Each structure stands twice: as C-alpha cells, then as structure tokens.
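In: the following block contains a protein sequence and its predicted model.
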Amino acid sequence: MTKETLLMQYQSECRMALKSVSNISKPFEKTFMDTMKLFMAIPNRINFLKLGRYGSFSEQTYRNLFKP
C-alpha cells in the first residue's frame with residue numbers, strides 16, 4: 001500500500017466516525033479532518049503553529065477547535 005492510499009483510508013475512517021456522531025457542524029468537520037490529516041503527516045512534535053503553517057486553516061482556527 002502506498003502512503004496516499006493509507007491516508008485516504010484513514011480519512012474515510014475518520015469521516016465515518018464523525019458521521020456517527022450527531023450535531024457536528026460542517027466547519028468543525030472540515031477543520032477536524034484537516035487536523036487528522038496533519039497529525040499523520042507532520043513528524044515529531046505537533047503544535048498549533050505547525051498546524052497553521054502546514055494546514056489549510058490559520059493557527060487561531062486550530063486553537064479554537066481545541067478550546068474547551
């Protein structure tokens with residue numbers, strides 16, 4: 001298996017898990033899926049600055065996603 005197929009399989013599993021949970025908004029789903037992709041792609045330590053640098057959204061968006 002190539003890295004791309006593994007990543008696509010991982011994304012489909014995450015998407016199916018999110019669909020099983022009710023009351024999930026589309027913006028949350030998009031940001032969460034991007035975060036899961038980045039957790040697989042970024043080596044070593046992951047922080048919000050790196051998520052903002054390599055991801056599709058700003059650093060503040062990722063911070064707001066994980067805010068309690």
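Out: Sure, I can see it.

In: hey, which helix or strand in this protein has the poorest pLDDT?
Out: helix 3-19 (a mean of 84; mean pLDDT, DSSP states H and E).

In: packing partners of it?
Out: Judged by 3 or more Cβ pairs under 8 Å, 6 or more residues apart in numbering; DSSP states H and E, the packing partners of helix 3-19 are helix 26-41. For glycine as for every other residue, the C-beta is placed from the backbone atoms N, C-alpha and C.

In: how about residues contacting the helix it packs on?
Out: By Cβ atoms under 8 Å, 6 or more residues apart in numbering, the residues outside helix 26-41 that reach it are 7, 10-11, 14-15, 18, 46, 50-51, 54-57, 61-62, 65.

In: coming back round to it: report the buried residues of the least confident helix or strand of the chain.
Out: Across helix 3-19, burial judged by 16 or more other Cβ atoms under 10 Å covers residue 14.

In: and for stretch 22-42?
Out: Neighbour counts over stretch 22-42 (16+ other Cβ under 10 Å) mark 31-32, 34-38 as buried.

In: before we move on, what about stretch 54-67?
Out: Going by neighbour count (16+ other Cβ under 10 Å), the buried part of stretch 54-67 is 55, 57, 61-62, 65.

In: centroid residue for this structure?
Out: Note on the chain: the residue nearest the mean C-alpha position is residue 35, at 2.0 Å, using Cα atoms, centre = their mean.

In: min pLDDT across the buried residues of stretch 54-67, which one?
Out: Least confident of the buried residues of stretch 54-67 in the model: residue 65, at 89.

In: just give the nearest non-adjacent residue to that residue, would you?
Out: Of all residues not flanking residue 65 in the chain, residue 31 sits nearest, at 5.1 Å (Cβ to Cβ, 6 or more residues apart in numbering).
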